[in-house]
Structure formats: C-alpha cells, structure tokens
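# mind looking at a prediction? Sequence and model below.
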Amino acid sequence: MSSGGTDRRAPWITFEGTEGVGKTTQIERLTDRLERAGRVVRVTREPGGTTLGRRLRAVLLEPTDRPMHAVTELLLYTADRAQHLTEVVLPSLDRGDVVLCDRFLDATLAYQGYARGLGFDTVLALHRLPPLDSRPDRTVLLDMTPEQALARALQRNAGSGQDESEGRFEGERLEFHERVRAGYLELARAEPGRIRVVRADGDADEVESRIAAELADLFPELGPTRTDA
C-alpha cells in the first residue's frame, strides 16, 4: 500500500467534510498563499478531475427521482478515482507539484462506507491495488454541525443554480448528513496523524489560520495567520 509518500518532492493534501463546510474557499486561499511562496500547485477534485470524471460527476450528483444503489454509487466513485489518480494526481506529484484535492477516499468511506452502510472494509477492498492504494500526506477535515453546513450548501446551490445540476446529496435527509459526519470523525480518530479535524465555524480568515497551523510542518512558509500583499 502507498501511504503518505515521504519520498515525494511536494505534499499531497486532501480536503474533506460534509456539504457546505467551505472546502472550495479554503482550497483557493491555500493555493494563493502557496503560489505566492513560489510553489507550483495543482488543484483538483473528486469526482470530476478528468474528462471522464466530469461525465461521472454529472451522473453522480444530478438529482434523480430514482435512488442510485449504494454499490453503484461506490463503483462509480472508485472508477472516477482510478482515472483521476492515473491522469492527474500521481503525474503531478511526480513533477514535484503540490496537489490540493477536494475530496478523496475518506469521502467514499464516510458517505458510502458509513452513511450508506456498506462498511469501511467493502470500500477499502476496492482500494488495495494500484493506483487506488495511493494515499495523501495530510487530510484537512473541515467540521461543523450538519444543520449549519447543510444550510450553507443549500444557500450556495440556490445562488449558483446547482440545485438542479449537482444537488443530489444536499437533498438527503439531515440524518444522512449526521451519519456522514460521524463517519468522518471515526476515520479521524483512527488516523489522527494524517487526518486533522479543523473547526469550520467562524469567518474564512479564522478557518484559514486553523488550517495553516495544521499544515505548518509540511509547508514551513505558512504562518499561523494570513498575510496579504
């Protein structure tokens, strides 16, 4: 198994959390800071980090009247990941680029493994062969109550029109999002060295500072607070 890669020239960081916790905003802010410091950064996401992935993303996230079977959902996410690793993540790391990824394996473990009830072992069984055995160096888990996060997500989607195109998970009941959060926190307890739980409440500057503190060992150029030019 390829765990956090100590031989990599630059770190691979994943961002996780339920809908609405602010992953996109914080990835943009971290990218800005790292690029100002001279780093080459590759920002990507799952699902949808490749041409094939964008087609799979449309299938996975579009609201539908007929529920998708949990195993179907798991296999589609895994297919997206295999292509994403091969085409984007691993080549970027080989070049020495910092990779910042919006969601990765932990999302599948929390959503399909825990919240859908398939179990962590079922998900991990699909991730034992290359390239799916690859793991990030650090995972930032942005955490807040599902009520707060879901309200944010629904407001965001309504403003951007994503309710129609990518709102399938936001349409789940609150209990589902509570299970997703519980799954994430269980994963964090099992791997506290890799998965750093960061409170996502407060303004964006406060959250950014919390993230910087959790990544300072990997990025010495990051201080505890944001410094704008």
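Sure, I can see it.

# which residues sit against the longest helix seen in the chain?
For the chain, the longest helix by residue count, based on DSSP state H, is helix 174-190. Outside helix 174-190, the residues that touch it by CB atoms under 8 Å, 6 or more residues apart in numbering are 16-19, 106, 109-111, 113-115, 141, 143, 145-147, 149-150, 195-197. Yep, even glycine has a C-beta here, placed from its N, CA and C like the rest.

# likewise stretch 43-51?
27, 31, 53-54, 56-57, 60-61, 76-77, 80-81, 83-84, 87-89, 92, 99-104, 107.

# for the buried ones among the residues you listed, write the corresponding ChimeraX selection.
ChimeraX command restricting these to the buried ones, with burial defined by 16 or more other CB atoms under 10 Å:
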select :27,31,53,56,57,60,61,76,77,80,81,83,84,87,88,89,92,99,100,101,102,103,104,107
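
# now intersect the contacts of stretch 43-51 with the helices, please.
27, 31, 53-54, 56-57, 60-61, 76-77, 80-81, 83-84, 92, 107.

# please pick the buried ones from the contacts of helix 174-190.
Buried among the contacts of helix 174-190 by 16+ other CB under 10 Å: 16-19, 106, 109-111, 113-115, 141, 143, 146, 149-150, 195-197.

# any weak-confidence spans in this structure?
Low-confidence segments of the chain (pLDDT under 70): 1-7, 156-171, 223-229.

# just the strands in it please.
Here the chain has its strands, by DSSP state E, at 12-16, 41-45, 98-102, 138-143, 195-199.

# next, format the ones you listed as CSV and append distance to Ala182.
Below are the strands of the chain laid out as CSV (distance: least, CB to CB, whole Å):
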stretch, distance to Ala182
strand 12-16, 14
strand 41-45, 24
strand 98-102, 21
strand 138-143, 11
strand 195-199, 13
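
# out of the ones you listed, which gets nearest to Met68?
Set against Met68 and scored by CB to CB, the strands of the chain come closest in strand 41-45, at 19.7 Å.

# tell me the spacing between Ser209 and Thr145.
Distance, Ser209 to Thr145, using CB to CB, to the nearest Å: 21 Å.

# typo on my end, it should be Val40
According to CB to CB, Val40 and Thr145 sit 36 Å apart.

# now Leu174
Applying CB to CB, the value for Leu174 to Thr145 is 10 Å.

# for Leu218, same thing?
Using CB to CB, Leu218 is found at 28 Å from Thr145.

# what do you get for Glu46?
For Glu46 relative to Thr145 (CB to CB), the value is 24 Å.

# what sits closest to the residue nearest the centre of the chain if chain neighbours are left out?
Centroid-nearest residue in the chain, with CA atoms, centre = their mean: Arg103, separated by 1.8 Å. In space, and not counting its chain neighbours, Arg103 is closest to Glu46: 4.6 Å by CB to CB, 6 or more residues apart in numbering.

# what's the closest non-adjacent residue to Leu218?
Pro11 (4.6 Å).

# same check on Leu85?
Leu85 sits nearest to Pro131 (CB to CB, 6+ apart), 4.0 Å away.

# about what we covered before: correct me, but the residue nearest to Leu218 touches Asp217?
No: using CB atoms under 8 Å, Pro11 is not in contact with Asp217; the gap is 9.7 Å.

# pick out whichever of these two has more residues nearby.
Pro11 (20 against 10; other CB atoms under 10 Å).
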